[in-house]
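>>> coords please:
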Amino acid sequence: MGVAEPQTERVRLDRPLTTDAPGVLAILGDARTVEHNPSELLSDEGGAAELVGRWIRHWDEHGFGYWYARLLGEDRIIGYVGVKRMTVRDRPVLNLVYRLAPDAWGRGLATEAVAGVVSRVTEQMPAEVILARVRPGNLASQNVAVKVGLRRDIALDEHGEDGLDWAYTNRVLS
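As a prediction, this is how the structure comes out:
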């Protein structure tokens, strides 16, 4: 089942293309962007191309995934947001990811884009559990999760590659 592109007021969300790996490197190559997830720091375009390739394969297999975020009327990627299938604590979930470049922070763009994705996924895949994994110290990401209607779900908290991940879901399982 595919998920149609969400509509937002200021942000265009596009399916990933391999040609946009330099834009992903510009985001994930900035240590500020991955402050709470340092293992995601990229150092070269080859790593970005590999990552984008995984995103494209997820789209090909499942009909949904991560979208590139661009300001309306602009081509530069300012971030990415979307969901991918995964299993957490033996439960299938749609892992919600949102990451914007530092120059896009503080304007409500993440909340807008994430709200569009959550709304569209909930509408088109209502039985799915949407899960955002957030570091306890990442207050901005926690605020986005809460603003789009997700709630803390300690049953899905777990240690990730960079430390403890707090779970926020659209349907609390605990």
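>>> apart from its chain neighbours, what residue comes closest to A31?
Excluding the flanking residues, the one nearest A31 by Cβ to Cβ, 6 or more residues apart in numbering is L41, at 6.1 Å. Where C-beta positions appear, they are placed from N, C-alpha and C, glycine not excepted.
>>> sorry, wrong one. I was asking about D165.
With sequence-adjacent residues excluded and distances taken as Cβ to Cβ, 6+ apart, D165 is closest to R133, at 3.8 Å.
>>> the one you found and W166 touch, don't they?
Yes - counting by Cβ atoms under 8 Å, R133 touches W166, with 7.2 Å between them.
>>> counting by contacts, list what the longest strand along the chain packs against.
Looking across the chain with DSSP state E, the single longest strand is strand 77-88. The helices and strands touching strand 77-88, judged by 3 or more Cβ pairs under 8 Å, 6 or more residues apart in numbering; DSSP states H and E, are strand 11-14, helix 21-28, helix 45-62, strand 66-71, strand 91-100, helix 109-124, strand 130-134.
>>> of these, which is nearest D162?
Proximity to D162, assessed across the helices and strands packed on strand 77-88 by Cβ to Cβ, is greatest for strand 130-134 (10.2 Å).
>>> host element of the nearest residue to W105 once chain neighbours are set aside?
Distances taken as Cβ to Cβ, 6+ apart place A140 nearest to W105, at 7.3 Å, with adjacent residues excluded. Assigned by DSSP states H and E, A140 belongs to helix 139-147.
>>> which other helices and strands does the helix or strand that that helix is followed by contact?
Using DSSP H and E, the helix or strand that follows helix 139-147 in sequence is strand 151-152. Judged by 3+ Cβ pairs under 8 Å, 6+ apart, the packing partners of strand 151-152 are strand 163-169.
>>> paired strands for the strand it packs on, with orientation please.
As defined by DSSP bridges, the strand partners of strand 163-169 come to strand 130-134 (antiparallel), strand 151-152 (antiparallel), strand 158-160 (antiparallel).
>>> quick check, S141 in contact with H36.
Yes - when contacts are counted by Cβ under 8 Å, S141 is listed as touching H36 (7.2 Å).
>>> what's the burial count for G79?
By other Cβ atoms under 10 Å, 25 other residues sit near G79.
>>> quick one: contacts for it?
By Cβ atoms under 8 Å, 6 or more residues apart in numbering, the contact set of G79 is I27, Y68, A69, Y98, R99, L100, A101, A104, L109, A110, A113.
>>> just give the nearest non-adjacent residue to the fourth one, would you?
In other words, Y98. Leaving aside its chain neighbours, Y98 sits nearest to V81 (4.3 Å; criterion: Cβ to Cβ, 6+ apart).
>>> how close does that neighbour get to A26?
Going from V81 to A26 by Cβ to Cβ, to the nearest Å gives 16 Å.
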